[in-house]
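*Asks:* I would like to see how this sequence folds:
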Amino acid sequence: MVDIHCHILPGIDDGASDLSVSLRMLDAAAADGIDTIFCTPHYSMRGGPRADRRRKTLEPRAASLGIRLLPGMEYSYSHIHEEREELRPLGDSSFLLIDLGCPSLPPSLGEFFFVLERRGYQIIIAHPERYLADIDSCAELARRGVFFQLNADSVLGRNGAPCRRMAERMIRAGHCHFIASDAHGTHRTFRLGECRRRLESFRGGEFAEQVMTRNPQRLLNNLPPETPEAAESWFFRIFRRR
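*Replies:* Next up, the predicted model:
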């Protein structure tokens, strides 16, 4: 499996605090069946070069576990305007991972997306189920051509009932293109395997294959993800009772 959102680099942000935690995270990722990790620390003005150095310190251990580490960054909408240099997409792709971090869509969002698209970037919204207040905002974002990454822990209910319900609504409406761990350490770890099994049981193997295998592979090839079809409501009534 491919994890497109992970805070595994030591001492960069609020993720892995030191090298020992990063190494334990690599062991956990291998045990979860993950073979590719995009290292996506929270954006900082000089975070790119430092992130590259920290990633290289992990590469020997990762390679011994059969894991490939790729560069990336998680940008905050409130801070991305500070970046004057080229932005850091996921790996060699044109996809930017952006955390909007607000319950409603800012009025300037359309212009912001237009500028990024003119610069050749495609946009993935990080874990919108954690902060967006209504499904209409997801529909508006989808009309603007962005894609959505949900956290495995939200789908599994580990981020609380409101996040789980929003994740269900987004999946039901076809507003889910990727599932990622957003792992930050041993306390917020990798549960992609568990999430995949849950999705297979309640949404079907085709959907789980699409958002957890095919779409991440398409991202690796800089191709836009497939958009899942909307699900029938009865399916998620069963899901919610679990």
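*Asks:* going forward, measure contacts and count neighbours with C-alpha atoms only.
*Replies:* Noted.
*Asks:* show me where this protein has strands.
*Replies:* 2-6, 36-39, 68-71, 74-76, 95-99, 122-126, 147-151, 178-180 (DSSP state E).
*Asks:* which outside residues touch the fourth one?
*Replies:* It refers to strand 74-76. Identification of contacts with strand 74-76 by C-alpha atoms under 8 Å, 6 or more residues apart in numbering yields 5, 40-43, 96-101, 126.
*Asks:* quick check: the nearest residue to P128 once chain neighbours are set aside vs D3, distance?
*Replies:* Distances taken as C-alpha to C-alpha, 6 or more residues apart in numbering place L150 nearest to P128, at 6.8 Å, with adjacent residues excluded. L150 is 11 Å from D3, where distance means C-alpha to C-alpha, to the nearest Å.
*Asks:* ok, R172 next?
*Replies:* Counting by C-alpha to C-alpha, the gap from R172 to D3 is 22 Å.
*Asks:* more neighbours: those two, which one.
*Replies:* Set R172 next to D3 and count neighbours by other C-alpha atoms under 10 Å: D3 wins out with 24 against 19.
*Asks:* that one against G33, yeah?
*Replies:* No: if you go by C-alpha atoms under 8 Å, D3 and G33 don't touch, sitting 10.2 Å apart.
*Asks:* remind me which residues of this structure are low pLDDT?
*Replies:* 45-46, 81-85, 231-242 (pLDDT under 70).
*Asks:* the helices in it, which residues?
*Replies:* Counting by DSSP state H, the chain has helices at residues 19-31, 47-64, 109-118, 135-143, 152-155, 161-172, 192-202, 205-209, 215-220, 233-241.
*Asks:* deepest-packed of the ones you listed, please.
*Replies:* Mean neighbours per residue, mean count of other C-alpha atoms under 10 Å, is largest over the helices of the chain for helix 152-155, with a mean of 25.
*Asks:* which neighbours do L150 and D3 share?
*Replies:* With C-alpha under 8 Å, 6+ apart, L150 and D3 have common neighbours 179-180.
*Asks:* report the contact partners of the nearest residue to Y131 once chain neighbours are set aside.
*Replies:* Take Y131 and drop its neighbours on the chain: the residue closest to it by C-alpha to C-alpha, 6+ apart is P103, 5.1 Å away. Residues in contact with P103 (C-alpha under 8 Å, 6+ apart) are 131-133.
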